[in-house]
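A.B. asks: Got a sequence here, can you model it:
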Amino acid sequence: MSGRRVQAASALAIGCGGLALALVLAVQAFPRGLIALACVTFALAGAWYGLLRTGAARVGGFALGLAGIALALALLARERLVEELLVVGALASSVALARAAFAQHVRLPSQPPPRRPVLFFNPRSGGGKAERFALAREAGARGIAAVELTPGDDLERLVRTAVADGADALAMAGGDGSQAVVAAVAAEHDLPYACVPAGTRNHFALDLGVDRDDVIGALDAFVDGGERRVDLAEVNGRVFVNNVSLGVYAEAVRQEGYRDAKLRTLLDTVPAVLGPGGTGLDLRWIGPRGHAHRAGAAVLVSNNRYRLGRAIGSGTRPRIDDGLLGITLLGRPRGRGRRHRLPQRPWREWTAPTFAVDADHPVPSGIDGETVQLDPPLRFRIRPGVLRVRIAQRHPGASPSAAMPDGFTDSVRALAHIAMTDDTTRKEQRWISSRSRPRSA
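C.D. replies: A predicted model of the protein is given here:
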């Protein structure tokens with residue numbers, strides 16, 4: 001039996017055992033468990049009340065939230081604490097094993113190495129990863145010219161100059177904002193592009209299937225790499241590789257003290273925007289059913305859909321070649337149209353090839369983590385299959401959530417299928433290979 005089959009079978013067995021034990025404890029703890037649940041609900045309400053206010057009201061709300069959580073924990077820990085910890089451990093282990101079982105390693109179609117590849121790197125990104133891993137030296141050993149960025153450099157100008165001088169492949173080692181600049185030029189000239197994960201979080205690299213822990217290995221994309229085509233997105237003509245955030249986060253990032261006190265600035269921004277006396281977001285958009293709305297707490301527009309609210313793979317994009325924007329609204333919108341029952345989730349999400357947001361003022365926006373002011377209307381669009389991405393053959397080659405079903409029932413069925421047959425790897429390889437063919441912009 002392969003390791004993947006063992007992981008899938010173990011995830012199912014341990015998860016079922018944990019759920020069975022949880023059910024037994026719930027029956028034995030009745031009605032204590034219901035009281036604990038009521039305490040948690042009370043705590044969440046108190047914390048939300050405090051989040052939307054300042055001063056003594058905020059302190060009081062947070063205090064009520066902590067008191068509710070403390071009471072719930074006290075009720076649950078009165079007896080059978082070991083069994084409850086076993087349930088938590090079993091469910092956490094099951095999720096970790098399922099994540100490993102669903103992970104894919106896709107062998108992308110091989111391509112000849114470029115003759116004059118150029119790597120641009122920011123020595124300050126990721127706490128100095130480029131220097132720590134001797135990135136310039138390693139690039140030179142692979143025949144890749146390395147260009148170090150210095151404060152004040154115009155990255156786009158440097159990349160365009162390199163292309164004019166004969167560069168036939170481009171790579172970037174830095175944050176996702178810099179990745180977007182290089183990727184945009186590579187797509188414009190239909191050149192191979194490699195993402196080197198030398199930034200802080202490297203979200204784009206993760207969803208492309210680049211191993212974020214193997215900075216040097218990512219350079220092998222121009223040595224023995226395979227190629228696939230992925231989408232780019234843009235807002236008002238500016239390319240982004242991950243997402244554009246509008247709302248509370250974007251408002252907080254533009255505050256003067258954000259970099260020195262991120263959490264405090266974010267907490268202070270919430271009541272200023274969403275509290276009883278808040279200014280609101282004053283953003284207007286058209287929903288998927290054609291109704292006009294005003295935004296809730298935040299709007300996130302992404303280059304393909306993010307997987308949200310799942311135990312496995314949450315916060316990643318299963319694909320970046322679906323040809324659609326992902327649109328997520330946090331909070332309930334205000335506007336016309338039929339009234340619906342309260343949603344089960346605190347957000348709404350849908351996909352579309354284009355999206356527009358209007359306002360009566362410049363809109364603070366976070367584009368791939370960088371704060372900018374955009375003049376309305378904000379016009380988003382997807383650019384399908386315009387970027388030729390090279391990925392080292394020893395890297396996964398696909399998002400960690402590429403093979404993960406959305407629903408719980410579907411996930412259980414898929415794990416059972418892997419445990420019995422383990423033939424999904426070949427299917428995923430054929431699927432990814434089919435998506436590597438050129439697509440029109």
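
A.B. asks: can you give me the strands for the stretch 301-441 of the chain?
C.D. replies: Secondary structure of the stretch 301-441 of the chain, counting by DSSP state E, counting those that start in this stretch: strands at 325-330, 334-335, 347-352, 354-358, 363-367, 370-374, 378-391.

A.B. asks: looking at those, which is closest to Ala164?
C.D. replies: Taking C-beta to C-beta as the criterion, strand 378-391 is the member of the strands of the stretch 301-441 of the chain that comes nearest to Ala164, at 19.1 Å. Where you see a C-beta, it was placed from the backbone N, CA and C, and this is true even at glycine.

A.B. asks: The closest one packs against which elements?
C.D. replies: The helices and strands touching strand 378-391, judged by 3 or more C-beta pairs under 8 Å, 6 or more residues apart in numbering; DSSP states H and E, are helix 176-188, strand 192-196, strand 226-235, strand 243-247, strand 325-330, strand 354-358.

A.B. asks: Packed most tightly, which of those would that be?
C.D. replies: Ranked by mean neighbour count, the helices and strands packed on strand 378-391 are led by strand 192-196 with a mean of 27 (mean count of other C-beta atoms under 10 Å).

A.B. asks: out of the helices and strands packed on strand 378-391, nearest to Leu81?
C.D. replies: The closest of the helices and strands packed on strand 378-391 to Leu81 is strand 325-330. By C-beta to C-beta, the value is 35.5 Å.

A.B. asks: what angle do the closest one and strand 378-391 make?
C.D. replies: Taking axes from the mean of the first three to the mean of the last three C-alpha atoms, to 10 degrees, one finds that strand 325-330 is oriented at 120 degrees with respect to strand 378-391.

A.B. asks: Need the contact partners of strand 325-330.
C.D. replies: Contacts of strand 325-330 with the rest of the structure, by C-beta atoms under 8 Å, 6 or more residues apart in numbering, involve 233, 243, 247, 295-306, 308, 317, 346-355, 380-382.

A.B. asks: hmm, 6 Å instead?
C.D. replies: Strand 325-330 is contacted from outside by 296-302, 304-306, 347-352, 355, 380, 382, using C-beta atoms under 6 Å, 6 or more residues apart in numbering.

A.B. asks: can you redo the helices and strands packed on strand 378-391 as TSV with distance to Leu73 and mean pLDDT?
C.D. replies: Output for the helices and strands packed on strand 378-391, formatted as TSV (distance: least, C-beta to C-beta, whole Å; pLDDT from 0 to 100):
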stretch	distance to Leu73	mean pLDDT
helix 176-188	38	97
strand 192-196	43	97
strand 226-235	43	97
strand 243-247	32	88
strand 325-330	28	89
strand 354-358	42	95
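
A.B. asks: of all these, which lies closest to Ile367?
C.D. replies: When those are compared (using C-beta to C-beta), the closest one is strand 243-247, at 5.1 Å.

A.B. asks: neighbouring strands for the closest one, and are they parallel or not?
C.D. replies: strand 298-303 (antiparallel), strand 363-367 (antiparallel) (DSSP bridges).

A.B. asks: quick revisit: buried members of the contacts of strand 325-330 into PyMOL, please.
C.D. replies: Taking 16 or more other C-beta atoms under 10 Å as the burial criterion, the selection of buried members of these in PyMOL is written as:
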select buried, resi 296+297+298+299+300+301+302+304+305+306+347+348+349+351+355+380+382
